[in-house]
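J.: quick one, what's the 3D model for this:
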Amino acid sequence: MNNKWTRAAIPALLLHCSIGTVYCWSVFSQEISDRIGFSKPAVEWAFSFAIFFLGMSAAFLGGIVEKNIHLSSLIATICFTVGMLGTGFFIWYGGTDAGHGNPLTLIGIYVCYGMIMGIGLGTGYLSPVKTLMLWFEDKKGLATGLAVAGFGAAKAIASPIMQSLLHAFGEDKNGYLVGVYMMFFILGGVYFVMMFVGHRLLKKPDGWVEPTKKEKGQGVWATIKSKPITNYIGIWLMFYINITCGLAIISQEKMIVKIIGLGAVVGIISSISAIFNAGGRLGFSTWADYLKDRNTIYKIIFSLSILFTGLVILTNGIKNGAGNVLLIAIVLGLIFVVNAGYGGGFSNVPTLLHDHYGMGNISAIHGITLSAWAFAGLTGNQLASWIVTHTGTKQAEGNAVGYQYVLYATIVLYAIALLLSIFFVRKSGKAAQAVESK
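T.: I've put the predicted structure just below:
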């Protein structure tokens, strides 16, 4: 069958449901730390490097995606699965006498999980996006939302599977979980099959001929500069801020849930927040298809984020939440809204860029814009960790005051992003056409 579902939607979901498992990092990071003999903060850099290389590979390899989606999706398949298998090998090595506490182990995980897998993440994330928009010409938001929702839903699907695999093989003679590396070997094989099938199915519509350089008329940077440069800077910055704030909250989600007295159901809350993340990706992008200006979605996301963050700040919800049903609801509302807005910010970027700059160089422009994700990956988690470490007082249940202070930083950043969306980013889509026709 040669239609938009088998040639675009299904392969996009196969690719994104595989690479989206990068957000399951917190499920096994402590077990990796225990096995290889390095502190958890040292191990955490593997995740930060993965997000950094995701964004930078998307930025620098966007041209390859633009020219050849089969090459880019194959690169994604190979790099992602080789990165997973390599990570599994170095975790195994870290549990041996020669590898425990050995810098080679940590460097190997940085290279495999951070760099190699990160390159697979970036090219895999970009590869299906333009193809989806070509097949779903009238519902571009729905199309990109479907794919990017797969990236968000991957955490909800894979987390319980990974948790099960962690404990499925018992312990070795040194008392370390065998599943922490077997999990990577098993899932590396599973994801290779899924991504390779997606790679083989992915295809642009029959009759679509990629425009030549002459037909495109201008390069990527010339296309960006066809509008006031402040327009693109505004899009890049509000995307960066949304990711930074999202990661700052999401990375601390587990501890916040424990502090408000829901430690017994933290796994359930994590799954629900992942559903909101995926739902935000699909819901906000589909909603944007019916709006005159897609930038309106970002104004809604930032306004909701400011509202719920402000409510938690005013009520001291994290600090006083334990045992108070209303405050618990407000804090959970913040977590769910941030997750939904975080996901919606991702799914709306390619279609917003299309409305501003057209389809000609969309993969390359989208790739450059994803560099915001790279830098946010280095700042979001670390911003929250630094604030929690340097403010408040750590109690038995966690540093409630420190987490409250994280919200002061994020509400300021969300306010800046809202101002950028209002004053820097110009009208797009139907709204721009209406202005030009006057």
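J.: quick one: the helices in the stretch 51-200 of the chain?
T.: Secondary structure of the stretch 51-200 of the chain (DSSP state H, counting those that start in this stretch): helices located at 69-94, 103-109, 117-126, 129-135, 140-166, 179-201.
J.: buried stuff in stretch 131-150?
T.: Within stretch 131-150, the residues scored as buried using 16 or more other CB atoms under 10 Å are 131-136, 139-150. All C-beta spots, glycine's among them, are computed from the backbone N, C-alpha and C.
J.: okay, it in PDB with CA atoms only?
T.: What follows is stretch 131-150, C-alpha atoms only, in PDB (Å, rounded to 0.1, in the frame of the first residue of the first chain):
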ATOM      1  CA  THR A 131       7.600  13.800   4.400                       C
ATOM      2  CA  LEU A 132       4.600  14.000   6.800                       C
ATOM      3  CA  MET A 133       3.900  17.600   5.900                       C
ATOM      4  CA  LEU A 134       4.000  16.600   2.200                       C
ATOM      5  CA  TRP A 135       1.500  13.800   2.600                       C
ATOM      6  CA  PHE A 136      -0.800  15.700   5.000                       C
ATOM      7  CA  GLU A 137      -0.900  18.900   3.000                       C
ATOM      8  CA  ASP A 138      -4.100  20.200   4.600                       C
ATOM      9  CA  LYS A 139      -3.400  19.000   8.200                       C
ATOM     10  CA  LYS A 140       0.300  19.600   8.700                       C
ATOM     11  CA  GLY A 141      -0.100  20.100  12.400                       C
ATOM     12  CA  LEU A 142      -1.900  16.800  12.800                       C
ATOM     13  CA  ALA A 143       0.800  15.100  10.800                       C
ATOM     14  CA  THR A 144       3.800  16.400  12.800                       C
ATOM     15  CA  GLY A 145       1.800  16.000  16.000                       C
ATOM     16  CA  LEU A 146       1.300  12.300  15.300                       C
ATOM     17  CA  ALA A 147       5.100  11.700  14.800                       C
ATOM     18  CA  VAL A 148       6.300  13.900  17.600                       C
ATOM     19  CA  ALA A 149       3.600  12.400  19.900                       C
ATOM     20  CA  GLY A 150       5.400   9.100  19.300                       C
END
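J.: so for that stretch, mean pLDDT?
T.: Mean pLDDT, stretch 131-150: 85.
J.: what's in contact with that stretch?
T.: The contact list for stretch 131-150, computed with CB atoms under 8 Å, 6 or more residues apart in numbering, reads 4, 7-9, 12-13, 15-17, 20, 69, 128-129, 202-205, 208, 278-279, 281-289, 294, 343, 346-348, 350-351, 354, 359, 362.
J.: most packed of the helices of the stretch 51-200 of the chain?
T.: helix 117-126 (a mean of 30; mean count of other CB atoms under 10 Å).
J.: ok, longest helix in this structure?
T.: helix 325-357 (DSSP state H).
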